[in-house]
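Peer 1: Predicted structure and sequence below. I'll ask about it afterward.
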Amino acid sequence: MESNFLSAVFLPLALFLIMMGMGLGLKIVDFKRIFIEPKGVILGLVAQLIVLPIVGFILAAIFPLTPELAVGVVILAACPGGATSNVISYLVQGNVALSVTLTAIGSLITIITIPLVINLGMQMFMGADTTLQLPVLTSITQIAVITLLPISLGMFINKYQPKLAAKLEKIFKWLSLFFLGLIIFGLMVKGRATLLSSLLQVGGVTLSLNLLTMFLGYAIASLAKLDDKSRKTITVEVGIQNGTLAITIASVLLNSPTMAIPAGIYSLLMFVTSAGFALFVRNRKVISV
């Protein structure tokens, strides 16, 4: 009963509220910023949608994981950005407009890429004849409902009631972190009997995913000679994944709590690495490679 409530009710509701909160801070101009700031947006999207999944596949293959956990890592790598990355970009004094734009455009594109990446991961790690698959068209519709619908609702409020949206956004920004914390806590309580073994199994691969992608994001932005604020943002956007969405896909769409474990452990670790990155950049006016 407790497990069904978490996966069938709380997870989708929490994700809906988180994505709606993200929409409260979005405007149509955020989708047009690719024409205003093309280099940063294009580099960020390439890193999120191509480099990140490749790194996820490589790490899932290198580390000694069960097939379900390996797919869980792929699911996590297929879900970049999110409201959390926007908050962290703000805290590290990055280019928040770029962060919001990457999240906005990425949310549209990943509706299509997520099912494709996850199905490829299941074929690779669970065998080509596995019966567990995400029906592409159905999954695109489901992911759109739990992401685009609340984002659109938030944008609608922002357009017609901007003052209300501004007030709600401040609340939702921190509420998203609170909900993520509740989700992680619920997963920990649910899997408390195997928590230590799960941490030992996927702690290394999820920490590696987090640190390696942050490094690659920063390196790519530096090689492209982006300004300091944009480098911080690309680092965060590539290195911080949408753990809530990954957990929801694994638990609700695939009905596999095991596949949600990497995202749950990752969501704990990313706060530590993000805090470390925030302390690092706040003690330096300009970071250079």
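Peer 2: Received the coordinates, thanks.

Peer 1: Which residue comes closest to residue 144 once chain neighbours are left out?
Peer 2: Closest residue in space to residue 144, ignoring its immediate chain neighbours: residue 111 at 5.2 Å, by Cβ to Cβ, 6 or more residues apart in numbering. From N, CA and C alone the C-beta is placed, and that goes for glycine too.

Peer 1: Run through the helices of the stretch 101-250 of the chain in chain order.
Peer 2: For the stretch 101-250 of the chain, the helices defined by DSSP state H, counting those that start in this stretch cover 136-160, 162-190, 195-223, 228-239, 243-248.

Peer 1: got the buried residues for the third one?
Peer 2: Pointing back at helix 195-223 there. Going by neighbour count (16 or more other Cβ atoms under 10 Å), the buried part of helix 195-223 is 195, 198-199, 201-214, 216-222.

Peer 1: Need the per-residue pLDDT for the residue nearest to residue 212 when sequence neighbours are not counted.
Peer 2: Take residue 212 and drop its neighbours on the chain: the residue closest to it by Cβ to Cβ, 6+ apart is residue 55, 6.0 Å away. pLDDT recorded at residue 55 is 96.

Peer 1: List just the one of the helices of the stretch 101-250 of the chain that sits closest to residue 38.
Peer 2: helix 228-239 (12.1 Å; Cβ to Cβ).

Peer 1: Would you mind getting the angle between that closest one and helix 195-223?
Peer 2: 140 degrees (axes from the mean of the first three to the mean of the last three Cα atoms, to 10 degrees).

Peer 1: Check which helices and strands helix 228-239 sits against.
Peer 2: helix 38-46, helix 83-91, helix 96-126, helix 195-223, helix 257-282 (3 or more Cβ pairs under 8 Å, 6 or more residues apart in numbering; DSSP states H and E).

Peer 1: mind giving me JSON lines with those and columns for distance to residue 229 and mean pLDDT?
Peer 2: Formatted as JSON lines, the helices and strands packed on helix 228-239 follow (distance: least, Cβ to Cβ, whole Å; pLDDT from 0 to 100):
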{"stretch": "helix 38-46", "distance to residue 229": "10", "mean pLDDT": "90"}
{"stretch": "helix 83-91", "distance to residue 229": "9", "mean pLDDT": "77"}
{"stretch": "helix 96-126", "distance to residue 229": "8", "mean pLDDT": "87"}
{"stretch": "helix 195-223", "distance to residue 229": "10", "mean pLDDT": "88"}
{"stretch": "helix 257-282", "distance to residue 229": "10", "mean pLDDT": "83"}
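
Peer 1: Save the ones you listed as JSON lines, and put in distance to residue 240 too.
Peer 2: Below are the helices and strands packed on helix 228-239 laid out as JSON lines (distance: least, Cβ to Cβ, whole Å):
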{"stretch": "helix 38-46", "distance to residue 240": "12"}
{"stretch": "helix 83-91", "distance to residue 240": "4"}
{"stretch": "helix 96-126", "distance to residue 240": "10"}
{"stretch": "helix 195-223", "distance to residue 240": "8"}
{"stretch": "helix 257-282", "distance to residue 240": "6"}
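
Peer 1: Pick the most buried one from those.
Peer 2: Mean neighbour counts were compared across the helices and strands packed on helix 228-239 using mean count of other Cβ atoms under 10 Å; the top stretch is helix 83-91, at a mean of 24.

Peer 1: contacts for it?
Peer 2: 18-19, 21-22, 25, 95-96, 98-100, 103, 172-174, 176-177, 180, 232-233, 236-237, 240, 242-244, 270, 274, 278 (Cβ atoms under 8 Å, 6 or more residues apart in numbering).

Peer 1: Minimum distance to residue 64: which of the helices of the stretch 101-250 of the chain has it?
Peer 2: Across those, closest to residue 64 is helix 195-223 (Cβ to Cβ), at 8.4 Å.

Peer 1: got the angle for the closest one vs helix 38-46?
Peer 2: Using the same axes, to 10 degrees, the direction of helix 195-223 lies 150 degrees away from that of helix 38-46.

Peer 1: Check which helices and strands helix 195-223 sits against.
Peer 2: Using 3+ Cβ pairs under 8 Å, 6+ apart, the elements in contact with helix 195-223 are helix 38-46, helix 52-62, helix 67-77, helix 228-239, helix 257-282.
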